[in-house]
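J.: A structural model of the following input is requested.
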Amino acid sequence: MRIKEVADKLGITPRAIRFYEQRGLVAPDKEAHNRYRDYADEDVWRLQTVIALREIGMPVEDVRRALDEIDRGDGEHLRYYLELQQAVMYAQWVELKRMIDTTERMIASADGARAPDREMIYALADGSRRLREARRNWYDRWNYDRQAPIHDSLVYGEHPDYPIYDRYEEALGLAFDWVQAAPGERGLDVGCGTGNLAGMFLSAGVRMSGIDQSREMLRRCRDKSPRLETKLGNFLAIPHADGTFDFAATSFAFHHLAGEQQLLALEEMRRVLKPRGRICIVDAMVPEEADGEWEAARRLRGTGSERHYARVSDMLRWFDENGYVTKHRRIGAMVHIVLAVPIR
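T.: Predicted structure coming up:
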């Protein structure tokens, strides 16, 4: 086929096709006698793939890498590129929702009967800016792709320098018991790692999804639990629609978020839950009064200076102010479990 035929068939311009040629995404043969491009079926298929990937906003360089993976038959890498793009789109969508909410509140402050409250508008805009920065400033400083191969041996083994995992299995078992998930319910494991908590719910007939920012963690998670739906994502932009799940749980991941990011994470979990959806958090937390046992454990190497342990009292207060009744228990020196169920 000639370039105009291909353009008509795919609904794009010849100029766009030439651009993709110049970027090395497609390389049709040229006729010897006149040098006209001759597009084979394989070229048309590649262009269709390019168009589809560009439609979801994938940058040209990422499209090139995705095509290379397709050529090599590497579906795992292609999946990663697509999931990465999906995660970016969800982050943009969450940010857009936040901007819409801020705009609506500004409109409400200027109801037409009086002049708008400028101080309130400034405060709303400043609050929106801080939340946006909190989302954008998150990054994986712990390199969990590298830690994935040793993760399970670390959490299930005996490592004196890592008191956070002293009663790991007990903590997960308690979370499973407290959530009381029924067969057929849909649950979300946020920061699922290799899928240890999600796997417990799967075994009980619960339909589980897991998200994690680590590609390697998710790969090992899928190897262990093929029935678990996994997506690349993080606490601050969960790649699922509003009102999807009956419960959300997270274990030993919340402390990777700084203070304001933790509040955003709670809001994100609430967003993807159904009206009566419950939240369960298992992690190291600061007790009401940091006792000697807590301080001794916190100083050990495995607790890390980059970790941001939530205060139990602050978390319980947030749930109370947002219409939840809570259940709380301390497990060992550092770990706490909180279950929150909405009552209004």
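
J.: and the closest residue to His240 other than its chain neighbours, how many residues sit next to it?
T.: Counting by C-beta to C-beta, 6 or more residues apart in numbering, His240 lies nearest to Val272, which is 4.8 Å off, once chain neighbours are set aside. All C-beta atoms are positioned from the backbone trio N, CA, C, and that covers glycine. As a burial measure, Val272 scores 20 neighbours (other C-beta atoms under 10 Å).

J.: Arg344 now?
T.: Arg344 has 7 nearby residues by other C-beta under 10 Å.

J.: That one reaches Gly323, doesn't it?
T.: Yes. Using C-beta atoms under 8 Å, Arg344 is in contact with Gly323, at 4.2 Å.

J.: Go ahead and confirm Gln48 touches Lys9.
T.: No. Gln48 is not in contact with Lys9 according to C-beta under 8 Å; the separation is 9.2 Å.

J.: what comes up buried for stretch 146-166?
T.: Of the residues in stretch 146-166, Ala148, His151, Val155, His159, Tyr162, Pro163, Ile164, Tyr165, Asp166 count as buried by neighbour count, 16 or more other C-beta atoms under 10 Å.

J.: gap between that stretch and the chain center?
T.: Relative to the centre of its chain, stretch 146-166 is centred 23 Å away, using C-alpha atoms, centre = their mean, to the nearest Å.

J.: what about that stretch, how long is it end to end?
T.: Counting by C-alpha to C-alpha, to the nearest Å, you get 22 Å between the two ends of stretch 146-166.

J.: how about the helices in the stretch 201-344 of the chain?
T.: Per DSSP state H, counting those that start in this stretch, the stretch 201-344 of the chain carries helices over the ranges 215-224, 259-271, 292-298, 312-321.

J.: and those helices, which one's lowest on average pLDDT?
T.: Mean pLDDT is lowest for helix 292-298 among the helices of the stretch 201-344 of the chain, at a mean of 58.

J.: strands paired with the top strand by length along the chain, and their directions?
T.: Across the chain, the longest stretch assigned as strand under DSSP state E is strand 273-286. With DSSP bridges as the test, strand 273-286 is paired with strand 245-251 (parallel), strand 310-311 (parallel), strand 335-342 (antiparallel).

J.: where among those is the average confidence lowest?
T.: Among the strands paired with strand 273-286, strand 310-311 scores lowest, at a mean of 90.

J.: Residues in contact with that strand: which ones?
T.: Strand 310-311 has contacts (C-beta atoms under 8 Å, 6 or more residues apart in numbering) with Phe254, His255, Gln262, Asp283, Met285, Val286, Glu288.

J.: Whichever of these end up buried, select them in PyMOL.
T.: Here is the PyMOL selection string for the buried members of those, based on 16+ other C-beta under 10 Å:
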select buried, resi 254+255+262+283+285+286
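
J.: Next, the buried residues of the strand or helix carrying Ile107.
T.: Under the criterion of DSSP states H and E, Ile107 resides in helix 75-109. Across helix 75-109, burial judged by 16+ other C-beta under 10 Å covers 78-85, 87-88, 90-91, 94-95, 98, 102, 106, 109.

J.: before we move on, what about stretch 57-68?
T.: Met58, Asp62, Val63, Arg64, Arg65, Ala66, Leu67.

J.: pLDDT value on the residue nearest to His240, please?
T.: 97.

J.: Domain boundaries for this protein, per the record?
T.: Domain assignment for the chain, taken from automatic domain parsing, gives 3-71, 80-136, 144-342.

J.: Turn the buried residues of stretch 57-68 into TSV, columns for pLDDT.
T.: Formatted as TSV, the buried residues of stretch 57-68 follow (pLDDT from 0 to 100):
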residue	pLDDT
Met58	77
Asp62	84
Val63	86
Arg64	87
Arg65	84
Ala66	82
Leu67	85
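
J.: Flag the shaky bits of the stretch 51-200 of the chain, pLDDT-wise.
T.: Within the stretch 51-200 of the chain, the ranges that satisfy pLDDT under 70 run 56, 74, 110-143, 159-161.

J.: in it, which spans are strands?
T.: Taking DSSP state E, counting those that start in this stretch as the criterion, the stretch 51-200 of the chain carries its strands at 186-190.

J.: hang on, the earlier thing: so which of the buried residues of stretch 146-166 belong to helices?
T.: Applying DSSP state H to the buried residues of stretch 146-166, the entries found in helices are His151, Val155.

J.: what does the model give the residue of the chain positioned farthest from its centre for pLDDT?
T.: Going by C-alpha atoms, centre = their mean, the residue of the chain most distant from its centre is His33, 54.2 Å out. As predicted, His33 sits at a pLDDT of 76.

J.: That one: which element?
T.: His33 belongs to no helix or strand, assigned by DSSP H and E.

J.: what sits against it?
T.: Counting by C-beta under 8 Å, 6+ apart, His33 has no contacts.

J.: can I get the buried residues of stretch 146-166 in a markdown table with distance to Met200?
T.: Shown next, in a markdown table, are the buried residues of stretch 146-166 (distance: C-beta to C-beta, whole Å):
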| residue | distance to Met200 |
| --- | --- |
| Ala148 | 20 |
| His151 | 16 |
| Val155 | 14 |
| His159 | 22 |
| Tyr162 | 21 |
| Pro163 | 23 |
| Ile164 | 19 |
| Tyr165 | 16 |
| Asp166 | 19 |
